[in-house]
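Asks: Fold the stuff below for me.
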Amino acid sequence: MVPFLRKRILSSAIPLVCVVLGVFFLARMTGNPVDLYLPLSATAEQRAEFSAAQGFDLSVPAQLWNYLVDAAHLDFGTSLRTGQSATSMVLDAFPVTLQLAGVTMLLAITGAVLIGSLAAYRPNSLVDRVASLLSMTAASIPDFWFAVMGVLVFGVSLAWLPTSGTLGGPEIWVLPIATLLIRPFGVLVQVVRGSMVSALSAPYVKIARSKGATPRRVIFGHALRNAVTPVLTVAGDLTVGLVNGAVIVETIFGWPGIGKLMIDSILQRDFAVLQAAVLLTAVTIFALNIIVDVCHALTDPRVRQAVPA
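Replies: Model prediction:
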């Protein structure tokens, strides 16, 4: 396991370095913050003073060096918009996104395992056909379209649910979670069904059935344990996608997470907050990929045996 883990960490470190460098240069391609934060009537002296205070008067290599040194100490400076620490702003917003993504994946996995397993137990039955139709439809719906339609129908026309913000009861979670849930749920139902169909046709399952095992015992006690590996892999990839996809959902619903914070930082050219947010998101995705690979290796010994010591 140690050689496998070492290889995965080293192979994932290269994309992480590219993200660290890429966010620095791409952020500066959005324009000069001096033009945004100072009025048109600002004098040359005022512009120079603002640039010097924020370090924008330095050469790009010097700015890059300062950025890398500060990032190594988890110090990304202060926000141009609020004057707060960029690191504290990101750390305040990120748990909100993780909470939203975690609840979404918990519901998606639970529902997909139940529905996918029932559909696989009787292939080509009415339950299987309905589950396949609904899951393929759910996996095909764009999340931004679903979010806009949800706001229009349930928030504006029917006035049943709030359309933005986090103040209120459980109803504030319905539209954001439904928007994030629909695609992972559809994909996971298909994966669970396919894996369970193969597992239920295995000889040990047929033996369990011949001994009088109940359908519940056959599905959850025998077949599911051997069908879980591809489900874990896909669920991990979808979780990573939820962290990225939260940008759209948080922007539409005004959810104060890391996605909305990044969009606001891009529009306001708040380099410090943007760099901190992107780096933390990249590290989180890096860690999630490692966790998924470790789970895959634990459930399938062939994966770790393929890595030389």
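Asks: only C-alpha atoms for contact and neighbour calcs from this point on.
Replies: Noted.
Asks: State the phi and psi torsions of Ser85.
Replies: phi -60, psi 130 (degrees, to the nearest 10).
Asks: Just list the residues touching the nearest residue in space to it that is not next to it in sequence, thanks.
Replies: Spatial nearest neighbour of Ser85, chain neighbours left out: Thr78 (4.4 Å); criterion: Cα to Cα, 6 or more residues apart in numbering. When contacts are counted by Cα atoms under 8 Å, 6 or more residues apart in numbering, Thr78 touches Gln84, Ser85, Ala86, Ala272, Val273.
Asks: List buried residues within the residues you listed.
Replies: If you count burial by 16 or more other Cα atoms under 10 Å, the buried members of the contacts of Thr78 come out as Ser85, Ala86, Ala272, Val273.
Asks: nearest to Leu288, of these?
Replies: Among the buried ones among the contacts of Thr78, Val273 lies closest to Leu288 (Cα to Cα), at 22.4 Å.
Asks: quick one: the helices in the stretch 201-309 of the chain?
Replies: Chain-ordered helices for the stretch 201-309 of the chain, with DSSP state H, counting those that start in this stretch as the definition, fall at 203-210, 215-216, 224-253, 258-268, 271-299, 301-305.
Asks: which one of the ones you listed lies closest to Tyr67?
Replies: The stretch from those with the least distance to Tyr67 (Cα to Cα) is helix 271-299; that distance is 9.1 Å.
Asks: Show me what the closest one is packed up against.
Replies: Based on contacts counted as 3 or more Cα pairs under 8 Å, 6 or more residues apart in numbering; DSSP states H and E, the elements that helix 271-299 packs against are helix 2-28, helix 86-121, helix 224-253, helix 258-268, helix 301-305.
Asks: how about a markdown table for those helices, with mean pLDDT and distance to Ala71 added?
Replies: Converted to a markdown table, the helices and strands packed on helix 271-299 look like this (pLDDT from 0 to 100; distance: least, Cα to Cα, whole Å):
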| stretch | mean pLDDT | distance to Ala71 |
| --- | --- | --- |
| helix 2-28 | 77 | 9 |
| helix 86-121 | 88 | 10 |
| helix 224-253 | 80 | 21 |
| helix 258-268 | 86 | 17 |
| helix 301-305 | 58 | 33 |
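Asks: Adding distance to Leu175, write those out as TSV.
Replies: As requested, the helices and strands packed on helix 271-299 are exported to TSV (distance: least, Cα to Cα, whole Å):
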stretch	distance to Leu175
helix 2-28	31
helix 86-121	11
helix 224-253	8
helix 258-268	16
helix 301-305	39
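Asks: just so I know, which of those helices lies nearest Phe144?
Replies: Comparing those under Cα to Cα, the one sitting nearest is helix 224-253, at 6.7 Å.
Asks: Report the inter-axis angle for the closest one versus helix 271-299.
Replies: Relative orientation of helix 224-253 and helix 271-299, computed by axes from the mean of the first three to the mean of the last three Cα atoms, to 10 degrees: 170 degrees.
Asks: nearest spatial neighbour of the spatially most central residue of the chain, skipping sequence neighbours?
Replies: Against the mean C-alpha coordinate of the chain, by Cα atoms, centre = their mean, the closest residue is Val243 at 1.7 Å. Sequence neighbours aside, Ala101 is the residue nearest to Val243 in space, at 6.6 Å (criterion: Cα to Cα, 6+ apart).
Asks: That neighbour contacts Leu242, correct?
Replies: Yes - assessed by Cα atoms under 8 Å, Ala101 is found in contact with Leu242 at 6.0 Å.
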